[in-house]
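**Student:** here is a sequence with its predicted model. Questions after.
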Amino acid sequence: MHSQAIELTSMRESKPLRSRPKRDRERLVRIVLAIAGWMTVVILALIMIMLFVEGLPIFAVTNPFSFLFTSQWFPVSDPPVFGILSLIIGSLMITATALVIAIPLGIGAAAFLAEIAPPPLREAIKPVIELLSGIPSIVLGFVGFLLLAPAIQRIFNLDSGLNGLTAGILLAFMCLPTIVSISEDALSAVPREYKEASLALGATRWQTIYRVLIPAARPGIVASVMLGMGRAIGETMTVLMVSGGRLAIPSFITDPMSAMTARIAIEINNAVFGGLQYQALFAIGIVLFLITFSINLVADLVLEKQRRRYA
Amino acid sequence: MNIVNLNMTEGRSVPFVFEENVPVKMRSQAVSLFYDKVEALKEVTLSILANRITAIIGPSGCGKSSYLRLFNRMNDLIWNAKVKGQVFLDEEALYDPKIDVVELRKRVGMVFQKPNPFPMSVFDNVAYGPRLHGAKETGKLSEIVERCLRQAVLWEEVKDKLKGSAFALSGGQQQRLCIARVLAVDPEVILLDEPCSALDPASTMRIEDLMQELKKNYTLAIVTHNMQQAGRASDYTAYLLMGELIEFGPTKSIFTYPRDKRTEDYLTGRWG
C-alpha cells in the first residue's frame, strides 16, 4: 500500500517550477495595488496643496490672528475685513448639537441592534437605517425647512425657526446612520466570550453593555463618532438652508447663525477668481480641514494608546 | 434522598447507590432542549450532589455543553432555544418565570472553554463581579481580590502585576484568573465547560488540583471530552450520547464496570 502511493505520486505529471507568466502576473498585480494605495495619498496631498496655495496668500493682507478671532466679515467693502470667528462658533455649535443628539441615540440604537433585538429584527432594521444615510442632504434640508423649522419656532417661541438648533437636529439625523451602523458592527465584533463571562457573573444586560461591551468596542464606536462628526462639520446644503445665515457671534443655540461650509458655498460664485475674497474663502477651507484633521489625529492617538495597553 | 433511582436503569435490576447523607445540589427532571425543531437534549434526568465533582462526558455535539448551560440558564442567550422539563437548584425550579436569572447566576458560576478574561487589568477582572454587586471601597475589593487569587492558586504569580493587562498572562494563568473571577462572586456551584481544552498538560494538572481543593466549599460540574480527566478528577460521571443520557454513576464504577455497551465502547475508544 505504501509503495503504491509512492508510485502514484511519481507518476503524476507536475508543472515546471520555474514558470515565467505566473510570476509576471503576480508582479503586475502587486504594482497595480501599490499604485491604487499610493494614489489616495497623492490625491490627498494635491488637495491639501491646492487648498494652501489658494488660501494662504490672504494672510499677507490680514494676520491669521484677526482672521480667526474677530467676527467682522465684510469681504467686498473697501478695505475688506475678514474675521471668521462667528462662522467657527456657528459650525462648532451646530456640530456639537448634532453630536449631543446623535451619540447617545446612535450608540443606544447600536446596542439595541447588536445585543437585544432578536436576529430577524436586526436583519430587518439595519438596512433601513443604512438607507437613511442615502437621503440627499437637500431633501433633508427641505424637510427641515418645511416641518422642523416651524415646529422649533413654535416650541421655543422664536422669531424664526431657521437657527442653529434646527440645523443641529437635522445634522444629527444625517450622522445617525453612520454612528449606528459602524457602532453596531463594532459591538457585534466583540468576542461572544466577554458577553457570556459577564452575564455568567450575574451582570444584567445593561451592566454587560456598558461595563464590558462598549469599552471593548470603543475603537469602533469612536471611529463611528468621528466619521459622523466629519459628516456633520462638513455638511453644507442642509446647514445653508436652515441655519438662518446670520453673520454675528451667536449667543445661544436657538439664534440664527452661519457655518463655515455654508459661507463658502454662498460666496464662492460671486468671488473674483484669485481675488482677496476668493483667497479668504479658501482660507476658511484650510481652517475646516485643520479642525477635522486634528480631531481625527487626537482620536487616533487615544485609540492607539488604548490598543497598546490591552493588545 | 441518598438513593436515587434513575429512569435510565430501566430494565436493569440494580439501582445506583449514591453516597449516604450527601444532599442533591442540582438536578434535572426529564429535561429536553430544542434549537428550533432540533432536539439537542432528550429528557435528561440527572442529579448533581453537593460538594462533589460531577463530570459530563461524551463525543462532540452530544449536548454536554448545552446541558451544563441549563443550570445557569446561559441557553437563554440563544434566542431560538426552548427548554422542556424541569431543572432544580436546591429544589427550586429554575425555569419558573418568577426566577431572577441575575440572582441565579450569582449562585451558579461558570468557567468557559477558552480562557476569557475581560480586556482589563488582572485586578479589575477579579473585582468585576463584586463591583457589579455593589462593593465599592478599594480596601474591601483588594481583600476580595487577594483572597480569590489565593484560592485559585494564582496570587504568587500575579501579585506584582495586578495593574497589568490580563492578556499578558499565559493561557493557564488566564484560566485560573477566570476561576478567581467566579469565586469573587461567592457562588455555591461552579460549572466548568471544558476548562482545560485550550491548556497544556501542566496547566491542566494545576486546574485539576484546584478543583479538588474547591470541592470542599463548592459543588462542581465539569464538561470534558477528555476521558482521562473525567476518570482522574471526578466523583461522578454522566455519559451523554446524541442528547441522551446513556449512563450515570460513581466515576469508579462507570470506568471499571460500564453497564451500557455504548458507554463501554466510548470509554475504550471503540464507539461508533
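**Tutor:** That came through fine.

**Student:** going by C-alpha atoms from here, please, whenever you check contacts or count neighbours.
**Tutor:** Fine.

**Student:** what are the boundaries of the strands in the stretch 51-200 of chain B?
**Tutor:** Applying DSSP state E, counting those that start in this stretch to the stretch 51-200 of chain B gives strands spanning B:53-57, B:81-89, B:92-93, B:108-111, B:189-193.

**Student:** any chance of the ones you listed in a markdown table, plus mean neighbour count and distance to A:R18?
**Tutor:** Shown next, in a markdown table, are the strands of the stretch 51-200 of chain B (neighbours: other C-alpha atoms under 10 Å in any protein chain shown; distance: least, C-alpha to C-alpha, whole Å):
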| stretch | mean neighbour count | distance to A:R18 |
| --- | --- | --- |
| strand B:53-57 | 27 | 53 |
| strand B:81-89 | 19 | 56 |
| strand B:92-93 | 15 | 71 |
| strand B:108-111 | 28 | 53 |
| strand B:189-193 | 25 | 51 |
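
**Student:** make TSV out of those and add distance to B:A127 and mean pLDDT.
**Tutor:** Below are the strands of the stretch 51-200 of chain B laid out as TSV (distance: least, C-alpha to C-alpha, whole Å; pLDDT from 0 to 100):
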stretch	distance to B:A127	mean pLDDT
strand B:53-57	26	94
strand B:81-89	26	92
strand B:92-93	29	92
strand B:108-111	15	94
strand B:189-193	18	95
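
**Student:** what's the closest of those strands to chain A?
**Tutor:** strand B:108-111 (6.1 Å; C-alpha to the nearest C-alpha).

**Student:** tell me which other helices or strands the closest one touches.
**Tutor:** The contact analysis (3 or more C-alpha pairs under 8 Å, 6 or more residues apart in numbering or on different chains; DSSP states H and E) places strand B:108-111 against helix A:192-200, helix B:171-183, strand B:189-193.

**Student:** just checking: what are the partner strands of the last one?
**Tutor:** For strand B:189-193, the pairing partners within the sheet under DSSP bridges are strand B:108-111 (parallel), strand B:219-223 (parallel).

**Student:** what's the following helix or strand after it?
**Tutor:** The helix or strand immediately downstream of strand B:189-193 is helix B:201-214, counting by DSSP states H and E.

**Student:** how far off centre is that following helix?
**Tutor:** Mean-position distance between helix B:201-214 and its chain equals 14 Å (C-alpha atoms, centre = their mean, to the nearest Å).

**Student:** got the angle for it vs strand B:53-57?
**Tutor:** Per axes from the mean of the first three to the mean of the last three C-alpha atoms, to 10 degrees, the angle that helix B:201-214 makes with strand B:53-57 is 140 degrees.

**Student:** what does helix B:201-214 rub up against?
**Tutor:** B:I53, B:A152, B:V153, B:G172, B:Q173, B:R176, B:C196, B:L220, B:A233 (C-alpha atoms under 8 Å, 6 or more residues apart in numbering or on different chains).

**Student:** go again using 7 Å as the cut-off
**Tutor:** Helix B:201-214 has contacts (C-alpha atoms under 7 Å, 6 or more residues apart in numbering or on different chains) with B:A152, B:G172, B:C196, B:A233.

**Student:** quick check: angle from that helix to helix B:171-183?
**Tutor:** Going by the same axes, to 10 degrees, helix B:201-214 makes 20 degrees with helix B:171-183.

**Student:** in helix B:201-214, what's buried?
**Tutor:** B:S203, B:T204, B:R206, B:I207, B:E208, B:L210, B:M211, B:L214 (16 or more other C-alpha atoms under 10 Å in any protein chain shown).

**Student:** tell me which of the helices and strands packed on strand B:108-111 sits most buried.
**Tutor:** Neighbour counts (mean count of other C-alpha atoms under 10 Å in any protein chain shown) averaged over each of the helices and strands packed on strand B:108-111 peak at helix B:171-183, with a mean of 26.

**Student:** what about residue 131, how many residues nearby?
**Tutor:** Using chain A here. Around A:L131 there are 11 other residues, counting by other C-alpha atoms under 10 Å in any protein chain shown.

**Student:** that's the wrong chain, I wanted chain B
**Tutor:** Around B:R131 there are 16 residues (other C-alpha under 10 Å).

**Student:** can you check A:I135 too?
**Tutor:** As a burial measure, A:I135 scores 11 neighbours (other C-alpha under 10 Å).

**Student:** distance of it relative to B:D260?
**Tutor:** Note on A:I135: its distance to B:D260, by C-alpha to C-alpha, to the nearest Å, is 67 Å.

**Student:** fine, thanks again, bye for now.
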